[in-house]
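Student: quick one: sequence and predicted model below, then my questions.
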2 protein chains.
Amino acid sequence: MTEKNILHAAKAVFLRKGLDAATMQDIAAEAGISRTLLHYYYRNKDTLFRAILDGAVAEFVPKVAMLIDLDIPLLEKVELLVDGYLSLLLDDPLLPHFFIIEIERDPRVLVQLFRDRRGEFGEISRLKKQIAKELGISGDADLALAHIFTSLYAMLMFPFLAKPALDEVFFARDPEAFRAFMMERRNYIVPMMRTLLRSMARPPARTKTKTKRAVRRPVSVSKP
Amino acid sequence: MTEKNILHAAKAVFLRKGLDAATMQDIAAEAGISRTLLHYYYRNKDTLFRAILDGAVAEFVPKVAMLIDLDIPLLEKVELLVDGYLSLLLDDPLLPHFFIIEIERDPRVLVQLFRDRRGEFGEISRLKKQIAKELGISGDADLALAHIFTSLYAMLMFPFLAKPALDEVFFARDPEAFRAFMMERRNYIVPMMRTLLRSMARPPARTKTKTKRAVRRPVSVSKP
DNA sequence: GTCTATATGGCGATAGAC
DNA sequence: GTCTATCGCCATATAGAC
């Protein structure tokens, strides 16, 4: 099927280069067809790009986003998010790179695309309340939320951004080494996030986040 | 002076867009001069780009890189690296973005550029020995080194990569908010790195997948 | 040094043959 | 549906006037 073939090629090229640096020639070559055939299926570069961009956001958001609405401690949510995102990103290692390029090129559009899918997230205001309560913060938890998500995404996405360098420097371009490396990282990310939550918790409040040891989950994402 | 002006403009444009997406027109406009004047100072786009690329690597490496050679505990080195890199990156917030784009476009060239400056780093082999000793690892500390640097750079660089989104979502585009946010993060990064070092020294008992070989994608995320 | 003018090539997009 | 041919435009790069 030519159309699927085109979308697959376009995704490969756009995710690696972003809108500006990618050319229709690149995509046609990747798909093994002529440039004009692209225009037969997608009137112009922008149409094709929007299809890929929408698909990338749709892929990134909903599978794991509702996890934040579960009625479990913060740290357990973090564990579920780590496992969910890890399997997602191992399937599509260029997704972080694509978002970083496009976030810089045009933040408003990308942020708006995510906002349009707010319904597929859990309730953010509820999450903020949970954060405020568990960390003993009085009032607004916006800043804490920013720290948590920045740290979590940093730990999850950055290795994929640096993958070409890691492959070159540490893994001798062995394609399996990176996956093994990321599986090992699972064991470090959650403890580091626990440390973050404890560091943010208000010092006077002696009530630590949760003394209860979180139950370790297997790799699997939530079963549909 | 026109030449400084050109370099300044070229840096601004290349760091934001990378080699492929940047145009000489962009740079000329940023510098407030004509396209041809660029060619007077720099024969072609590639020459100008190399000047910027070399400058970026030179800026990134030497200021802090010799810190790894000091005779102090690992965690104290981490503290010094955090402070060094933070002030460096706050001065040049687009540096991480540039490296990420160029690492994906052509890893070999960039990695080689860093290797050419090995002399300005401390002795890596000595650092590896320290890691092996402090963490109680027998034999090769390569993997531990990869985890440490990936985590450290993730915590330091990722917020700058996500800055346009953070500005939009959390900071209402207030230019001072991001800097304050990063200053606050200093207090979290070092404790998190301490947790990483401890986790690597004594692998968490809760871990399951350590012996198993990578359980592979339990749920198919997207298969076109 | 800095400009205008221009050569050359690649890119996005369309027309038209089959 | 898929191709070849082609158009208009923009980008890189150079020539030449001042």
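Tutor: Yep, that arrived.
Student: who are the contact partners of the residue nearest to A:Phe14 when sequence neighbours are not counted?
Tutor: The shortest distance from A:Phe14 to any non-neighbouring residue, by C-beta to C-beta, 6 or more residues apart in numbering or on different chains, is to A:Ile52 (4.7 Å). To be clear about C-beta, it is placed using only N, CA and C from the backbone, and glycine gets the same treatment. Neighbour list for A:Ile52: A:7, A:10-11, A:14-15 [criterion: C-beta atoms under 8 Å, 6 or more residues apart in numbering or on different chains].
Student: now the phi/psi pair for A:Ile52, please.
Tutor: phi -70, psi -40 (degrees, to the nearest 10).
Student: ok, it to A:Ala12 distance?
Tutor: Between A:Ile52 and A:Ala12 the distance is 10 Å, computed by C-beta to C-beta, to the nearest Å.
Student: also A:Thr47?
Tutor: Applying C-beta to C-beta, the value for A:Thr47 to A:Ala12 is 18 Å.
Student: which of these two has more residues huddled nearby?
Tutor: In terms of neighbours (other C-beta atoms under 10 Å in any protein chain shown), A:Ala12 is the more surrounded of A:Thr47 and A:Ala12; the figures are 17 against 11.
Student: residues in contact with that one?
Tutor: Taking C-beta under 8 Å, 6+ apart as the criterion, A:Ala12 is in contact with A:30, A:94.
Student: now find how far off-centre the helix or strand containing it is within its chain.
Tutor: For A:Ala12, the host element (DSSP states H and E) is helix A:2-21. Helix A:2-21 sits 19 Å away from the centroid of its parent chain (C-alpha atoms, centre = their mean, to the nearest Å).
Student: same thing with stretch A:31-49?
Tutor: Offset of stretch A:31-49 from its chain centre (C-alpha atoms, centre = their mean): 28 Å.
Student: and it, anywhere near DNA strand C?
Tutor: Yes - using C-beta under 7 Å from any atom of the strand, stretch A:31-49 reaches DNA strand C at A:35-36, A:39, A:43-46.
Student: hmm, which two among the residues you listed are most spread apart?
Tutor: The largest separation in the residues of stretch A:31-49 next to DNA strand C, counting by C-beta to C-beta, is between A:Thr36 and A:Asp46 at 16.9 Å.
Student: pLDDT (mean, whole number) over the biggest helix by length in chain A?
Tutor: Counting residues, the longest helix in chain A under DSSP state H turns out to be helix A:175-200. Across helix A:175-200, pLDDT averages out at 97.
Student: stretch A:56-72 - what's its average pLDDT?
Tutor: pLDDT averaged over stretch A:56-72 gives 90.
Student: one more: stretch A:145-155?
Tutor: Averaged across stretch A:145-155, pLDDT comes to 97.
Student: need the CA coordinates for it. PDB is fine.
Tutor: Once non-C-alpha atoms are left out, stretch A:145-155 reads as follows in PDB (Å, rounded to 0.1, in the frame of the first residue of the first chain):
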ATOM      1  CA  LEU A 145       4.500  19.900  39.000                       C
ATOM      2  CA  ALA A 146       7.000  21.600  36.700                       C
ATOM      3  CA  HIS A 147       9.900  20.100  38.600                       C
ATOM      4  CA  ILE A 148       8.400  16.600  38.700                       C
ATOM      5  CA  PHE A 149       7.600  16.500  35.000                       C
ATOM      6  CA  THR A 150      10.800  18.200  33.900                       C
ATOM      7  CA  SER A 151      12.800  15.600  35.900                       C
ATOM      8  CA  LEU A 152      10.800  12.700  34.700                       C
ATOM      9  CA  TYR A 153      10.900  13.600  31.100                       C
ATOM     10  CA  ALA A 154      14.600  14.400  31.400                       C
ATOM     11  CA  MET A 155      15.400  11.000  32.700                       C
END
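Student: just the residues contacting it, thanks.
Tutor: Contacts for stretch A:145-155 (C-beta under 8 Å, 6+ apart): A:78, A:81-82, A:124, A:127-128, A:131, A:185, A:189, A:192-193, A:196-197, A:200, B:151, B:154-155, B:158-159, B:162, B:166, B:170, B:181, B:184-185, B:188, B:192.
Student: off-centre distance for it?
Tutor: 11 Å.
Student: for the helix or strand bottoming out on mean pLDDT in chain A, list every residue counted as buried.
Tutor: Of all the helices and strands that make up chain A, helix A:62-65 has the lowest average by mean pLDDT, DSSP states H and E, namely a mean of 81. The neighbour-count check on helix A:62-65 (16 or more other C-beta atoms under 10 Å in any protein chain shown) flags A:63-65 as buried.
Student: same question for stretch A:146-153.
Tutor: Applying 16+ other C-beta under 10 Å to stretch A:146-153 flags A:146-153 as buried.
Student: quick one: mean pLDDT for the helix holding A:Ala12?
Tutor: pLDDT averaged over helix A:2-21 gives 95.
Student: and that helix, anywhere near DNA strand C?
Tutor: No - figure legend: helix A:2-21 not in contact with DNA strand C (C-beta under 7 Å from any atom of the strand); closest approach 9.0 Å.
Student: that older thread, list only buried entries from the contacts of stretch A:145-155.
Tutor: The buried subset of those (16+ other C-beta under 10 Å) comprises A:78, A:81-82, A:127-128, A:131, A:185, A:189, A:192-193, A:196-197, A:200, B:151, B:154-155, B:158-159, B:162, B:166, B:170, B:181, B:185, B:188, B:192.
Student: not counting sequence-adjacent ones, nearest residue to A:Glu30?
Tutor: A:Ala9 (3.8 Å).
Student: these two touch, right, A:Ala177 and A:Phe171?
Tutor: Yes - applying C-beta atoms under 8 Å as the test, A:Ala177 and A:Phe171 come out as touching, 3.6 Å apart.
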